[in-house]
Structure formats: C-alpha cells, structure tokens
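A.B. asks: Okay, here's the prediction I keep looking at, along with the sequence it came from:
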Amino acid sequence: MATPQESSPWPTESAGSAYSTGTSQSPQLAILEVFFPGFSVFAGAVHRYLHIDLNVYIPVLLVIGALTLVWNYVSSYLWDQVESHLMSVVDIRTDDEIYNILMAWVAKQTFSRSARRFVVNTNLNSRSWFLWYDYDDDDDDEHDIDEVTNSRKKKGLAYTPSFGSHYFWYRGRLLLFRRTANREQNSFMLVSEREEISISCFGRNPWVLKELLLEARQIYQQKDERKTQIYRGTLKPGSTEPTWQRCMSRASRPFSTVILNEKTKQDLIDDVTDYLCPATQRWYANRGIPYRRGYLLYGPPGTGKSSLSLALAGFFKMRIYIVSLSSITSNEESLGSLFAELPRRCVVLLEDIDTAGLTHTREESQNQPTDDTDDMVPGQLTTGNANNNSGRLSLSGLLNILDGVASQEGRVLIMTTNHIEKLDKALIRPGRVDMIVNFGLADEGMTSAIFRAIFASLDGDEAPDNTSDTPIRPEEKEKLEAEKAKKRAADDARVNALAEEFSAKVPAHEFSPAEIQGYLMKYKRNANEAVANVEEFITQTRKDRKEKELKEAEEKRKAEAKAKEEKDKKEKEKKEKEAEEAKKKESESKPADPTGASASSEAADQKEVIQKEAEGGEPSVEKKPEVNGEKKAGHERQDSGYVTPSSAEP
Ligand SMILES: Nc1ncnc2c1ncn2[C@@H]1O[C@H](COP(=O)(O)OP(=O)(O)OP(=O)(O)O)[C@@H](O)[C@H]1O
C-alpha cells in the first residue's frame, strides 16, 4: 500500500523546500488543489525549476481576488445607488421609431466616431427594419448620384458605439450612453430586441435628456421635411401581429401634378384645411360631434385616386397610412389594432373598399347565413356580421372600426373604390364620407395636360453646369439666363402645339390617365414620335382590351359550365338517394313478394326514370314495364317528385 509520502505530488525533502519538508500539504495548498486540480504539481514544478515558493504568494493572491470580488459587488451597488438617487436615465425602446431617431443622432457625434469598439451599418434603421424600414430614403439626394458615371454612389457607413458605457459631453453636461445586451435573451428575438439602450445624466433633473431627444427628433424630421412618409399595414415577419411598416419616404408630390378639375382640387384643399384648423376641433368638441372627416375617391383604375391622396398628405405634411382591404391580412382584429396604433394627425388611405364582403348591404349581411363561403374567392373579405366565424372583415366590422373607440379622432380618412355603385349606403353616409370626388377617364383637356406634364422642361431637369470653375461675370450670367428663358419659351410653345395635336388624336373618355402616361413615358425624350405613333397605341390597346374581354368571357363561361355540371351532379345524386329511400320504404310497407322480382324491377324502373330526368331527357314511357294499378297508386301516394304526371299515366 502506498504511504502518504509516496502518493504526495509535492517535491521531496531533497528539493529543500520549506513547505515540502513535512509529509502533508499546507492547508491553503490543499484548498487550492480542491478548486484547481493539478495546482500542486504546477506549484512543485515552479518551485523546483524557478525556485519560487508559490506558498508565500497565495495569501496575497487570495486577498487580491477577494478584494476584486468585493469591489465588483460594492461598485455595482454604489453605482446603482448613485444612478437611482443622483442621476436621471432615459431608456430607449428598440421597437419604437425613437430608436432610429436617437441612433441617427448618436452616429453623428464625435464619441461614436472615436469609439474603439463600434457597430457599423449602412442603414441605421435596418436594426428594427420590420417597423421602420426605410429603404432608399435618400434616393433623390443629389450627392448620392455620381455625375461622371451617372450611377448611384455607394451608401455611407454609419458608426455607433458597441456594447458598453460611453461618456460624452452635451451642452456642458457629462452624459452616459449605454448599450447593453438584453437581459431577457431568447432565440426568437429580433436583433434589435436583443439590446437595451439608455442615456443618463448626473443630477435629478432630466431636462438635458429631453432636450437631446427633441434635438434628435428635429434633425431626423428635417431630413423628411420635403417628403411624404408612407406606411403600409402589414404583418410582422413570422407572426400574425399586424403593424405599420414604413415602406417609403417619397418627395412630396405637388398638387399641380395631379390632373383633376381645378375647382374640385381647391374645394378638397379648403375642406381639409378647415378641418385641421384647431378652432374647428374645438367647434366639434363643443357640439359633441366626433372630430373626423372622410373622403371617398372613386373612378376606374389608374385615374389618380392614390396620387391625389399622396399629394394631399404631402401638402399638409402628414404621414399617410395605407391599408388595402383586399389584402389577405385584412380582418376585423388586425384592422382594429392597426387603427388603434394610428397617430392623432395623419391621412389614412383605405384602398379597394368595394372588396367582396363590403359590397353587400348591412341588411343583407344580417339575413345571410354565416356559411356563405361558396361565393368567396380566396384572399377576399367576406360579408356577415361583425363576429363572423371566418375571421375576415365584414361590413359591420369595418363600420365598428371606423366609428368605434379604436378610431382616432383628428385623422383624415380617404377611401378609394373602382365601383361606387356596389357600396353599402351605410359605409358612405355623411359623417363617414363627407366629400365624394369622381375620377374619370381622360378627356381632351386631361390628355393634353398629361402630355405637357411629361414633355415640358421643368426646373432641375438639366444637370447642373459644373464644367468650369471660373466665375461668370454678371452680364454674362444675365445673357445666359435670357437665352435659357428664350429657349424654354420656344420649347413650351412647341410642346403646347404638340399637346393639342396629341389630344385631338386620342378619343376622349376611353383611356385612363395611367394608360396615356405609360404610353408617353416610352417616348419621354421624343415628343414628336409620341404624337406620330399614337394611332398605333390606340389600335393596339383596343385590340388588347378585346382579347382580354374575350379571355375573361371564356373563363367566365367555363367557370359557369363547371358550376352547372357540379350542380347537376349533386341533384342527380340527391334524386338517386331519394329513389333508394322510396324503394326501401315501399318494401317495408308491403307484404313480402314471394318472387321478389316485382319490387326490384320497379326500383330499377324508378332509377332509370330518375337518371333520364337528371340527364335532361324525358323519361321513356315505352321502356317502362307495365305497372299494375296497385303499383301506380303507390307511386302517386309517395309523391316523391320524380314521376311526372304525364309519364305516370298509362
Ligand atoms: N389624374 C391624374 N393626374 C396625374 N397623374 C395621374 C392621374 N391619374 C393617373 N395618373 C398617373 O397614373 C399612375 C397611377 O395612378 P394612381 O395610382 O393614382 O391611380 P388610381 O386611380 O389610384 O388607380 P387604382 O384604382 O388602380 O389604385 C400614377 O403614376 C399617376 O401619376
């Protein structure tokens, strides 16, 4: 059996160590051996080869370790105390637009640029893209276009400090920007949800933080001042939760570019201006009238309904929230939660309100059975009461949302439809729709206006003249400008003449502005060719339409034939079943036929007659075997509807 000495890993006496002279380890080494197995071997080796006695340093190391632990604990406790009693902190929600606002501000600060560990993005908003995705926001920024290659320059990189605490100065105060990993990590979280952001300042008054946030928002909004921000109702990726997704920020469309009766346009602007005036809001409140206003834009596709809505939002510097009622995501619940999220002042555009379910009247929908799925096209909305089982949007569901508690007061509601005649009166009654604007196919005036809009030269069409850096003398500049003005006047006169010629060739009320615009875009650099080839366009469009109509008619015919076939099949099956039942009843009610032949032959007769009927032919009287009086009476008694009086008569 091995003695303790033999089994000890410590150096032998010959090594001359103070701590290895005994047969047992010192208690501290024994403890260390428990926590760090093999430590004694390491200490022995150090002692033997380097002549350093670790035993002497262990207490020192232990004390340092203990002090570090205590300091960590005490410092975090002290920091918590300081933070909760002597500092002000703002926590930034990563699922809110403020995240993007703040990060855009932070990326511009020097402390971000000098951070040694940082996060780099090409699009700061991409961290929470599902909510505030903002692609090509700076699309029309001139500096993004390379004049030489005429291509878009590469996007700049944005740097923000990485996880940790970062101090910086703001308005003479020391602030702390903290970015930390979210304490509640789980694998379903999106990247932006996995972090927490806060800004703190020393002192119990958070005014400096609020000022910082206001400044950040102001800078962020300045960028969007001449733009209309467009949000679309959609589902969050991988979930059924609806949300508004910022899909675009577009240069605001001037009202003048929407071609519509000038008086109608002016009336619309006046009406919205009056509605948005604070005095009007008080007027509504004093009289207990719900403060909201609705507009209905109707007309064929491509006549400018969406364009007018966007122009209106841009004119009043409001965001536009678009939701299409024909989308599969539209049901009462999701639409309700989208409406609940709307800001106080905005334009809401409800597209396609003539969608399936909403075209029935309320009375009809109340009388209808809930199971009306036969007529439903997949992906469309259904009718029925608000609680219909299919979970799709019903008319009463929509009305509840428009008028209910979830509906924000102060919004401008615009609804668009291609078929006003299909709409329920309840949906467009005053209070829900206060102004109706009709959009028609292009008449002569509109056609010529579209032509001018495409071909007239406008400010900013030409690239800026950067060829020479030498300053131009004032008289030369004047001369150049006069020449430019003269050229433009001549161009305008030419375009006006061509516009008249063009509009005279295009038949009025046959083509939508979108169709005409689409055609003209093909010749956007050659107005003469556009005029010369317009007849070809007219002939081709008519031909295409005819073909489309024929194709649709054929598809409709096929669908009807198929439906009829199915209906006939069902009827036939039903009648066969009835015949079987009748036969069964008869055989039960009669004494048993010793031969059994008579009953079965009669049933076969009945079946044959039914089949003939179902196939649309007259039942064959000749083929019918003779029936005795009793059997004939039996047929009439049953009155089963499958023996016609004429065929029953002998
Ligand atoms: N009245 C108009 N004035 C100027 N542009 C128009 C007009 N109508 C259509 N357009 C042009 O046609 C295109 C489609 O127009 P828009 O989307 O506004 O039509 P819409 O009536 O909303 O169509 P839909 O019913 O299919 O939604 C746009 O590019 C727009 O510039």
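C.D. replies: Received the coordinates, thanks.
A.B. asks: Which positions in the chain make contact with the ligand?
C.D. replies: Counting by CB under 6 Å from any ligand atom, the chain comes close to the ligand at 258-260, 301-307, 418, 439, 513-514, 517. Every residue, glycine included, has its C-beta placed from N, CA and C.
A.B. asks: in the stretch 401-550 of the chain, which spans are helices?
C.D. replies: In the stretch 401-550 of the chain, the segments counted as helices under DSSP state H, counting those that start in this stretch are 444-455, 474-505, 513-521, 527-532, 534-589.
A.B. asks: Deepest in the core, which of those is it.
C.D. replies: Among the helices of the stretch 401-550 of the chain, the stretch with the highest mean neighbour count (mean count of other CB atoms under 10 Å) is helix 444-455, at a mean of 20.
A.B. asks: pLDDT wise, what is the residue lying closest to Ser162 once chain neighbours are set aside at?
C.D. replies: Closest residue to Ser162 apart from its sequence neighbours, by CB to CB, 6 or more residues apart in numbering: Arg117 at 4.3 Å. Looking at Arg117, its pLDDT reads 79.
A.B. asks: check which helix or strand covers the nearest residue to Ile320 once chain neighbours are set aside.
C.D. replies: Closest residue in space to Ile320, ignoring its immediate chain neighbours: Ala313 at 4.0 Å, by CB to CB, 6+ apart. Using DSSP states H and E, Ala313 sits within helix 305-315.
A.B. asks: for the helix or strand just after that helix, the distance to its chain's centre please.
C.D. replies: Using DSSP H and E, the next helix or strand after helix 305-315 towards the C-terminus is strand 320-324. Centroid separation for strand 320-324 versus its chain: 9 Å, with CA atoms, centre = their mean, to the nearest Å.
A.B. asks: do the same with stretch 497-513
C.D. replies: Using CA atoms, centre = their mean, the offset of stretch 497-513 from its chain centre is 37 Å.
A.B. asks: swap in stretch 111-119?
C.D. replies: The answer for stretch 111-119 is 34 Å, by CA atoms, centre = their mean.
A.B. asks: Give the buried residues for it.
C.D. replies: Residues of stretch 111-119 classed as buried by neighbour count (16 or more other CB atoms under 10 Å): 112, 115, 119.
A.B. asks: Now go through these and say which are in helices.
C.D. replies: Counting by DSSP state H, the buried residues of stretch 111-119 place Ser112 in helices.
A.B. asks: Just put the buried residues of stretch 111-119 in TSV and tack on distance to Phe168.
C.D. replies: Output for these, formatted as TSV (distance: CB to CB, whole Å):
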residue	distance to Phe168
Ser112	9
Ala115	10
Val119	16
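A.B. asks: And the buried residues of stretch 111-119, which is closest to the ligand?
C.D. replies: Nearest to the ligand among the buried residues of stretch 111-119 is Val119, at 38.8 Å by CB to the nearest ligand atom.
A.B. asks: any idea how far Pro161 is from that closest one?
C.D. replies: Counting by CB to CB, to the nearest Å, the separation of Val119 from Pro161 is 7 Å.
A.B. asks: how about a markdown table for the helices of the stretch 401-550 of the chain, with mean pLDDT and distance to Phe202 added?
C.D. replies: What follows is these, written out as a markdown table (pLDDT from 0 to 100; distance: least, CB to CB, whole Å):
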| stretch | mean pLDDT | distance to Phe202 |
| --- | --- | --- |
| helix 444-455 | 92 | 59 |
| helix 474-505 | 88 | 56 |
| helix 513-521 | 94 | 60 |
| helix 527-532 | 92 | 67 |
| helix 534-589 | 93 | 71 |
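A.B. asks: What residues does the residue nearest to Ala504 when sequence neighbours are not counted make contact with?
C.D. replies: In space, not counting the residues next to it along the chain, Ala504 is nearest to Glu444; the distance is 7.3 Å by CB to CB, 6+ apart. When contacts are counted by CB atoms under 8 Å, 6 or more residues apart in numbering, Glu444 touches 503-504, 506, 508.
A.B. asks: Phe168 belongs to a helix?
C.D. replies: No: counting by DSSP: H, G, I helix; E, B strand; the rest coil, Phe168 is not found in a helix; it is strand.
A.B. asks: List the beta-bridge partners for it.
C.D. replies: Counting by DSSP bridges, Phe168 forms beta bridges with Leu175.
A.B. asks: okay, it: pLDDT?
C.D. replies: Here the pLDDT value assigned to Phe168 is 91.
A.B. asks: And for it, the neighbour number?
C.D. replies: Residues lying near Phe168 (other CB atoms under 10 Å) number 17.
A.B. asks: Please list all residues in contact with the one residue in the stretch 251-400 of the chain that gets nearest to the ligand.
C.D. replies: Closest contact between the stretch 251-400 of the chain and the ligand, by CB to the nearest ligand atom, is at Gly304 (2.8 Å). With contact set as CB under 8 Å, 6+ apart, Gly304 has these partners: 258-260, 439, 513-514.
A.B. asks: How much space separates the most centrally placed residue in the chain from Ser324?
C.D. replies: Centroid-nearest residue in the chain: Thr234, 2.8 Å away (criterion: CA atoms, centre = their mean). Distance of Thr234 to Ser324, computed by CB to CB: 10 Å.
A.B. asks: which stretches of this structure form strands?
C.D. replies: Taking DSSP state E as the criterion, the chain contains strands spanning 87-92, 118-121, 158-161, 164-170, 173-181, 195-202, 227-235, 242-251, 293-298, 320-324, 347-351, 412-417, 435-438.
A.B. asks: Give me the contact list for the second one.
C.D. replies: Here strand 118-121 makes contact (CB under 8 Å, 6+ apart) with 112, 127, 157-162.
A.B. asks: Likewise for the last one?
C.D. replies: Counting contacts by CB under 8 Å, 6+ apart, the residues outside strand 435-438 that touch it are 260, 264, 267-268, 271, 294-299, 308, 420, 428.
A.B. asks: what about dumping the CA coordinates of it to CSV?
C.D. replies: What follows is strand 435-438, C-alpha atoms only, in CSV (Å, rounded to 0.1, in the frame of the first residue of the first chain):
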residue,chain,number,x,y,z
MET,A,435,-67.0,64.6,-49.7
ILE,A,436,-67.1,62.4,-52.8
VAL,A,437,-64.7,63.0,-55.7
ASN,A,438,-65.2,61.4,-59.0
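A.B. asks: Which neighbours in the sheet does that strand have, and how are they oriented?
C.D. replies: Sheet pairing of strand 435-438 (DSSP bridges) gives strand 293-298 (parallel).
A.B. asks: Give me the neighbour count for Glu341.
C.D. replies: For Glu341, using other CB under 10 Å, the count is 15.
A.B. asks: Now do it, the pLDDT please.
C.D. replies: On the pLDDT scale, Glu341 gets 84.
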